[in-house]
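> what's the 3D shape of this:
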Amino acid sequence: MKASRTFKIIVIGVLTLFLMTSCSNELETETFENSSLITVKIQGTPSILSKVNLEIIDVQLRVLEDETSPNAWVSLHTVNTGIHDLTKINTNDVVTLVDFEEIPSQFIYNIKLVFGDQNSVLKNGLEYTLNINENFNNAATNIVGKQLQTNKMYDFVLVLDLDNSIEMSSEENANLSPKMSTEMRLYNLF
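Residues are numbered from 1 along each chain as shown. Okay, here's the model as predicted:
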């Protein structure tokens, strides 16, 4: 009687172990067929300015060579739109703008931040309206030039050089000509 009870316990244990192993194997083999995951973060640099408030309303990728084509730019699901003080987001801090978005594995030419109208700087206790240089069309664009690979995660950190991007004018205005670099980290998903 003890032998049959022990046998039942062993059989139940082996079946449970088998079922748990087969479930975890299914999760490990889940793939992102023909797609990649991306995150996009923003960071400022240390600055002589007290505040640099930028209103970010969209993050876009250019996926076609001809940027004038209607489908050249693709908007991403931006999770942290709004006004961000980039003087407080520097060195080891970032703000996540796009968080683990699945996109087709394709060639990415550029990445672009689209700005709203609520941009300002604070210098020596005075607040200035921050105007975007009209050559930049209310956006900061940076070259990526990368073919995305399937089943990879790409982490883009856009670093805006605050002091070299902002020029103070004598009319109580400041002008933004974005100078931005992109750091990219690649992670294998499986």
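> ranges for the strands of the protein?
Along the chain, the segments classed as strands by DSSP state E run 35-44, 51-62, 73-75, 82-85, 95-104, 107-115, 120-123, 126-132, 139-147, 152-160, 166-168, 173-176, 180-188.
> Tabulate these (TSV), appending distance to I12.
C-beta coordinates here come from the backbone N, C-alpha and C atoms, glycine included. As requested, the strands of the chain are exported to TSV (distance: least, C-beta to C-beta, whole Å):
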stretch	distance to I12
strand 35-44	39
strand 51-62	52
strand 73-75	52
strand 82-85	55
strand 95-104	39
strand 107-115	52
strand 120-123	67
strand 126-132	67
strand 139-147	50
strand 152-160	39
strand 166-168	69
strand 173-176	67
strand 180-188	37
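> what's the closest of the ones you listed to I10?
I10 lies closest to strand 180-188 among the strands of the chain, at 38.4 Å (C-beta to C-beta).
> In its sheet, which strands sit next to that closest one, and in what direction?
strand 152-160 (antiparallel) (DSSP bridges).
> Now do the contacts for the residue nearest the centre of the chain.
Ranked by distance to the mean C-alpha position of the chain (C-alpha atoms, centre = their mean), the top residue is V40 at 0.6 Å. By C-beta atoms under 8 Å, 6 or more residues apart in numbering, the contact set of V40 is V59, L76, T96, L97, V98, I111, F156, L158.
> try 10 Å this time
Contact analysis of V40 by C-beta atoms under 10 Å, 6 or more residues apart in numbering lists 59-61, 76, 78-80, 94-99, 101, 111, 113, 154-158, 182.
> And P46, by the same measure?
P46 neighbours (C-beta under 10 Å, 6+ apart): T87, N90, T91, L162, D163.
> number of nearby residues for the fourth one?
Neighbourhood size, L162 [other C-beta atoms under 10 Å]: 22.
> Ok, the second one next?
Neighbour count for N90, taken as other C-beta under 10 Å: 16.
> pretty sure it is in contact with V157, am I right?
No - assessed by C-beta atoms under 10 Å, N90 is found out of contact with V157, at 11.5 Å.
> Check the contact lists of the two and give me the overlap.
The contact lists of N90 and V157 share Q43, where a contact means C-beta under 10 Å, 6+ apart.
> Among the contacts of P46, pick out the one closest to L186, please.
T91 (22.7 Å).
> tell me the pLDDT at the closest residue to the closest one other than its chain neighbours?
Leaving aside its chain neighbours, T91 sits nearest to P46 (7.1 Å; criterion: C-beta to C-beta, 6 or more residues apart in numbering). On pLDDT, P46 comes in at 93.
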